[in-house]
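> quick one, structure for this:
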Amino acid sequence: MTQHHPDLAAEQEFIDFAYRCLEQSKVDAWKMRGLHEGTLGGTFQARYERDVYDEAVFNRLTQLDLGDAALVFGRIDRHVVNDEAAGDSQHPGAVENFHIGRLAVADENADPVVVDWRAPVAEPFYRATGRDPLGLARRRHFHVHGRELLGLEDELFGDGHLGIGAEDGTSSATIDRADGIRGYSTLLAVLERGRTGQLGDIVATIQGEQDEIIRSPQAGVLVVQGGPGTGKTVVALHRAAYLLYTFRFPLEDQGVLVIGPNRVFLRYIERVLPSLGEAGVEQVVLADLVPDVQWARYSIDAPDSPLAARVKGDLQMSLVIDKAVTDRERALREDLVVPFRTGYVRLRAEESNRIVKAAQRRFRKHNAARRWVETEVWTAMAESWRHDSVSPAQVKEAIRALPEVRAAFERMWPVLTPAQLLHDLFGSKALLKLAGARHLPENEYLALYRERMPEVADVRWTEHDVALLDEARSYLGARAVKGATKPDEADEIRTFGHIVIDEVQDLTPMQLRMVSRRSLNGSMTVVGDIAQATGALAPNDWDDVLRHLPTQKPARVIGLSVGYRIPANIMELANRVMMAATPSLRAPTSVRIGDEHPEFLHVAPSELMTAVVGATKELDADVGEGNIAVVVPDAMFEAVSTALDEAGIEHGKATRMGLTMGITVVPVSVVKGLELDGVVVVEPADIVAGEQQGLRALYVALTRSTQRLTIVHAKSLPDAML
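All right, here's what the predicted structure looks like:
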């Protein structure tokens, strides 16, 4: 790639023209929106149509707002295929060209100026090879910064007579690289830019194996296995954007859901889809899918014991919760007798048993049966009145407010929220035994016990409670709202047309069951790396994950083999740890060698914090405007932050503000999925000892850096690093 390419000025002129067309599109969209602002009245149908139209125009304006992102990043020159039968008289060997960009742009005559990267005509830009050029004569990569074209890189196909190809301005035919990389110089230029604390899109540099995943059919579960730095996260997000473009209807109405492992990660990826023109995708952590419950801000605020975490993730908990619901559906111990008029009405204990059993047979959801149970109770009590004719409604009106009547309903069939059910269950060893003894050993169901809070609203739930609350909601169903004709919508479980799950290897069977419950048709893209599995029930292979996901259509597993982010010098160290943790897996091949080998600082225990401060300062000076993470064992998080404060080093805490600062202290439990220019890993031995999957957690920590890695330790290094 060179700044002296003969076509540089012409291509810059084209880019300027494309931006003028884009600006005109914005002006036209605002005009169209303004035409409807004055028509606020009319029929309901007219107002509805106006609102739909206005929303469509607003969405288009949102797509046209690119910010600092480049509009055009490449071009393809394609051989024209003559159709003699149709009378096509174009000159043999003619070539047509298409500029590929972030979104489609047309000129004033509605002729295409820029082709959306997701359009079928753009596919050869990412897929063409020397062996299979897909009709291309040339592929041109733009090295752009905003609106400025910095350089060009050409790849020629065929005999190379089309024109400029190599950096020196001579013609050259494309030769396939052994690693399959396309646009190598452009790719390196992008990879060597400093990190910003936000994940960027890769739309300009998508490689062939990545594009295959992005454009895969929307059918069943697609698993993307990729080691650190292979781009699996950003590929999954581009796939979501591609599916929305290709299947706009019905996916836009059905919804697309992206699930990340934690809020630090969500802040890190939040700009990718908007930069691709898709701002309506819902991006959440699992806790966001369960309403009206307070969550621990960070896992160390309300931790589960390792045993409790494992038990809560096990699929047997589904049976325990089902039994816990059934245990709340109970017949009366003795007859209910209450005064009515000049006598008494009665609900016999055996009649209450009949009502409970009948309700269990008739209704799948617990809360849905409450009104039927009430009706049966009022009917039975009305029939017990022997003096004159009385209706169930009259009995209900007279006695429903009596404390003993309310208590009877609470025993027979209480209306429950998931939080109420689990708060009662976990706060009582007797209830835990009743629900769990058939399905779990005693030490396991008792591991769920915790002291009962005065009010359910005061409970601080843990991350492993999320799936259990959702499981309870699936059994309880929606609560009836007094005076309303429909149940409480907050209790309903929404489904989505496509679901993306990142770091899926860390989800427990119960969490995977929770996600599957939200799939409308079984269409999912799940990405992860078995070698980085650090959860309570880490899988050994993808079959351990797939058995808990939808099975409407056969699942597919596709691997990413090339590492783009992490230099080989760093991966060499990380791979030793990976081989010790998961010897059956194969490490990705790094595109870059790297300028620096990992640096090790072995110090006395009393000097550890001083060494961490010094290493942080040194990395900060070396990476310039890039960003740095100090990755620490969770137990050292506050201590390291305090040491940096005392040294006058301005920094952020990942658990509060993501990677918005140049230097950030990151607990190892939330570092997964992030990428930094420089990383200081503190006390690897404590990382291994403090995490349930210690070596895998260390592997994650060692694979976050794109440039420099420093390991600071007072304790002996784990054998896997030696």
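
> CA atoms for contacts and neighbours, from now on please.
Noted.

> how about the spatially most central residue of the chain, what does it touch?
Compute the mean C-alpha point of the chain, and by CA atoms, centre = their mean the closest residue is I259, 2.5 Å away. Counting by CA atoms under 8 Å, 6 or more residues apart in numbering, I259 makes contact with Q283, V284, V285, L286, I499, V500, I501, D502.

> which one of the residues you listed is nearest to L22?
Nearest to L22, judged by CA to CA, of the contacts of I259 is Q283 at 28.2 Å.

> report all helices and strands that the helix or strand hosting the closest one contacts.
Following DSSP states H and E, one finds Q283 within strand 282-284. Packing partners of strand 282-284 (3 or more CA pairs under 8 Å, 6 or more residues apart in numbering; DSSP states H and E): strand 256-259, helix 263-269.

> again, only using 7 Å
strand 256-259 (3 or more CA pairs under 7 Å, 6 or more residues apart in numbering; DSSP states H and E).

> for the stretch 1-150 of the chain, what spans make up the strands?
With DSSP state E, counting those that start in this stretch as the criterion, the stretch 1-150 of the chain has strands at 72-79, 95-101, 105-106, 112-116, 136-145, 148-156.

> out of the ones you listed, the one nearest Q552 is which?
Among the strands of the stretch 1-150 of the chain, the nearest to Q552 by CA to CA is strand 112-116 (31.7 Å).

> secondary structure element for K312?
Using DSSP H and E, K312 maps to helix 306-313.

> flag every buried residue along that helix.
A308, A309, R310, V311, K312, G313 (16 or more other CA atoms under 10 Å).

> how about it as CSV, C-alpha atoms only?
Output of helix 306-313 as CSV, limited to C-alpha atoms (Å, rounded to 0.1, in the frame of the first residue of the first chain):
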residue,chain,number,x,y,z
PRO,A,306,-18.4,-22.9,44.4
LEU,A,307,-20.8,-25.7,45.4
ALA,A,308,-23.9,-23.5,45.3
ALA,A,309,-22.9,-22.1,41.9
ARG,A,310,-22.5,-25.5,40.5
VAL,A,311,-25.8,-26.8,41.9
LYS,A,312,-27.7,-23.7,40.7
GLY,A,313,-26.3,-24.3,37.2
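
> distance between it and the chain's centre?
Put simply, helix 306-313 sits 23 Å off its chain's centre (CA atoms, centre = their mean, to the nearest Å).

> can you list the neighbours in contact with that helix?
With contacts defined as CA atoms under 7 Å, 6 or more residues apart in numbering, helix 306-313 is touched by E444, A447, L448, H464, T508, P509, M510, A536, L537.

> one more: stretch 342-362?
Counting by CA under 7 Å, 6+ apart, 329-339, 369, 373, 376, 380-382, 384-385 sit against stretch 342-362.

> hmm, back to that, show the buried residues in the contacts of I259.
Buried by 16+ other CA under 10 Å: Q283, V284, V285, L286, I499, V500, I501, D502, out of the contacts of I259.

> roughly how far does the last one sit from L520?
Right, D502. Remark: distance between D502 and L520 (CA to CA, to the nearest Å) = 19 Å.

> gap between the two ends of stretch 662-677?
Stretch 662-677: ends 10 Å apart by CA to CA.

> distance check, the residue lying farthest from the centre of the chain against L336.
Distance from the C-alpha centroid of the chain peaks at H387, with 65.5 Å (CA atoms, centre = their mean). Going from H387 to L336 by CA to CA gives 19 Å.

> can you give me the angle the lengthiest helix in the chain makes with strand 95-101?
Assignment by DSSP state H gives helix 8-34 as the longest helix of the chain. Interaxial angle, helix 8-34 versus strand 95-101 (axes from the mean of the first three to the mean of the last three CA atoms, to 10 degrees): 60 degrees.

> what is helix 8-34 packed up against?
So helix 8-34, by 3+ CA pairs under 7 Å, 6+ apart, packs with helix 44-64, strand 105-106, strand 148-156.

> hey, least reliable of these by pLDDT?
Comparing mean pLDDT across these, the weakest is helix 44-64, with a mean of 56.

> make CSV out of the contacts of helix 306-313 and add neighbour count.
Formatted as CSV, the contacts of helix 306-313 follow (neighbours: other CA atoms under 10 Å):
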residue, neighbour count
E444, 17
A447, 20
L448, 20
H464, 24
T508, 27
P509, 25
M510, 25
A536, 22
L537, 20
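
> related to what we said a few turns ago, closest to M412 among the buried residues of helix 306-313?
Nearest member of the buried residues of helix 306-313 to M412, counting by CA to CA, is K312, at 27.7 Å.

> with respect to E572, which of the buried ones among the contacts of I259 is nearest?
D502 (25.0 Å).

> my guess is that closest one meets G260, correct?
Yes. Contact criterion CA atoms under 7 Å: D502 and G260 qualify, at 5.3 Å.

> please name the nearest non-neighbouring residue to E11.
L149 (7.8 Å; CA to CA, 6 or more residues apart in numbering).

> from memory that neighbour sits against H141, does it?
No. L149 lies out of contact with H141 (CA under 7 Å); the separation is 10.6 Å.

> strands of the stretch 401-550 of the chain, start to end?
Assigned by DSSP E, counting those that start in this stretch, the strands in the stretch 401-550 of the chain fall at 498-501, 524-528.

> what's the shortest one packed up against?
Using 3+ CA pairs under 7 Å, 6+ apart as the contact criterion, the neighbours of strand 498-501 among helices and strands are strand 256-259, strand 524-528.

> list the contacts of it.
Outside strand 498-501, the residues that touch it by CA under 7 Å, 6+ apart are 236, 255-260, 519, 523-527.

> shaky segments in the stretch 101-250 of the chain?
159-179, 194-195 (pLDDT under 70).

> can you map out the helices along it?
Per DSSP state H, counting those that start in this stretch, the stretch 101-250 of the chain carries helices over the ranges 123-127, 184-191, 208-214, 232-246, 248-254.

> dump the ones you listed to CSV, plus distance to M317 and mean neighbour count.
Shown next, in CSV, are these (distance: least, CA to CA, whole Å; neighbours: other CA atoms under 10 Å):
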stretch, distance to M317, mean neighbour count
helix 123-127, 46, 21
helix 184-191, 45, 17
helix 208-214, 35, 20
helix 232-246, 30, 22
helix 248-254, 30, 13
